[in-house]
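Engineer: Got a sequence here, can you build the structure:
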Amino acid sequence: MKRFLLFCLCAILALMPGSAQTIHTQTIAHRGEWRSEGSAQNSRTSLQRALDLGIFGSEIDIWLTRDNHIMVNHDATFKGITVQDTTFAACKKIRLDNGERMPELKHLLKIMKKSKSPTRLIVEVKPHRDPMRSRRCAAEAVLAIRKQKLENRVMYISFSIEACRMIHTLAPDAEVAYLNGDRTPEELHRMGITGIDYHINRFKEHPEWVEQAHQLGMNVNVWTVDNPEDIRAMQALGVDYITTNEPALCESIVK
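Structural biologist: As a prediction, this is how the structure comes out:
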């Protein structure tokens, strides 16, 4: 309760006249802009529609197949297929809810390459059962993004600390944030991780982590925030990014 009251106090102070608040909170579309008609999570359409919105970022989720292809999907198992246990040949036949085939990372990178939108791609490396596979997935993603010369238009996130550290090792200048919520900003900063990307409840418990991260030069993202009151509270707290399933709504509020 004390931590929640501290969170509320920080939000109120940030909204007071004369506040030193200088953070311009920006919007990230969770799994793309997927709730509109004809779209689907982690689809080509959801990415393109997020790009059309011109928001800060559009998030995707990646898995490594058994034969080392990077597929884009949120859940470990989708329509009866567990991506990390399955071949590329089987995965590419899967249809998303809007009829598109499950994309590879390279398909979405091609869309990014052609687009003139300022929107960045936020690549989430999913935690595989074997940490070595998480690291392999991270490494393959870094190489694919480098091949397309998109390093300056991509940020990385992961629940896997192994994946985060692999990305930092291979791409020291890349922005990479940790998702799991069980480490302080200082701990992550020592590892070379550039951001914290935690569930809203973690920031209600530890609102001080926002300022601590900023003092260390780290970015702060919060997920997954769809309620207008929560969006306003997180903006007032000073987070850099809000990941949301309602990107148009969020953008209208933070702007």
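Engineer: show me where pLDDT drops low in the stretch 51-200 of the chain?
Structural biologist: Scanning the stretch 51-200 of the chain for pLDDT under 70 picks out no residues.
Engineer: What segments of it are strands?
Structural biologist: Using DSSP state E, counting those that start in this stretch, the strands of the stretch 51-200 of the chain run over 57-64, 70-72, 77-78, 81-82, 120-125, 154-158, 176-178, 195-199.
Engineer: From the chain's centroid, how far away is the longest one?
Structural biologist: On the basis of CA atoms, centre = their mean, to the nearest Å, strand 57-64 is displaced by 7 Å from the centre of the chain it belongs to.
Engineer: Likewise for stretch 36-47?
Structural biologist: Averaging C-alpha positions (CA atoms, centre = their mean) puts stretch 36-47 16 Å from its chain's average.
Engineer: same question, stretch 223-240
Structural biologist: Distance, centroid of stretch 223-240 to centroid of chain: 15 Å (CA atoms, centre = their mean).
Engineer: Report the buried residues of that stretch.
Structural biologist: Using 16 or more other CB atoms under 10 Å as the test for burial, stretch 223-240 gives 223-226, 230-240. C-beta: built from backbone N, CA, C; applies to glycine.
Engineer: what about it, how long is it end to end?
Structural biologist: One end of stretch 223-240 to the other measures 12 Å (CA to CA, to the nearest Å).
Engineer: What of stretch 217-235?
Structural biologist: Taking CA to CA, stretch 217-235 runs 18 Å from one end to the other.
Engineer: what's the model's confidence in that stretch, averaged?
Structural biologist: For stretch 217-235, the mean per-residue pLDDT is 98.
Engineer: that older thread, quick one, which of the strands of the stretch 51-200 of the chain is nearest to Ala248?
Structural biologist: Proximity to Ala248 (CB to CB) singles out strand 57-64 among the strands of the stretch 51-200 of the chain, at 12.6 Å.
Engineer: Hey, what's the angle from the closest one to strand 120-125? Just curious.
Structural biologist: Here the directions of strand 57-64 and strand 120-125 differ by 30 degrees (axes from the mean of the first three to the mean of the last three CA atoms, to 10 degrees).
Engineer: same for strand 57-64, what does it pack against?
Structural biologist: Under the contact criterion of 3 or more CB pairs under 8 Å, 6 or more residues apart in numbering; DSSP states H and E, strand 57-64 touches strand 26-29, helix 44-53, strand 70-72, helix 105-114, strand 120-125, helix 131-147.
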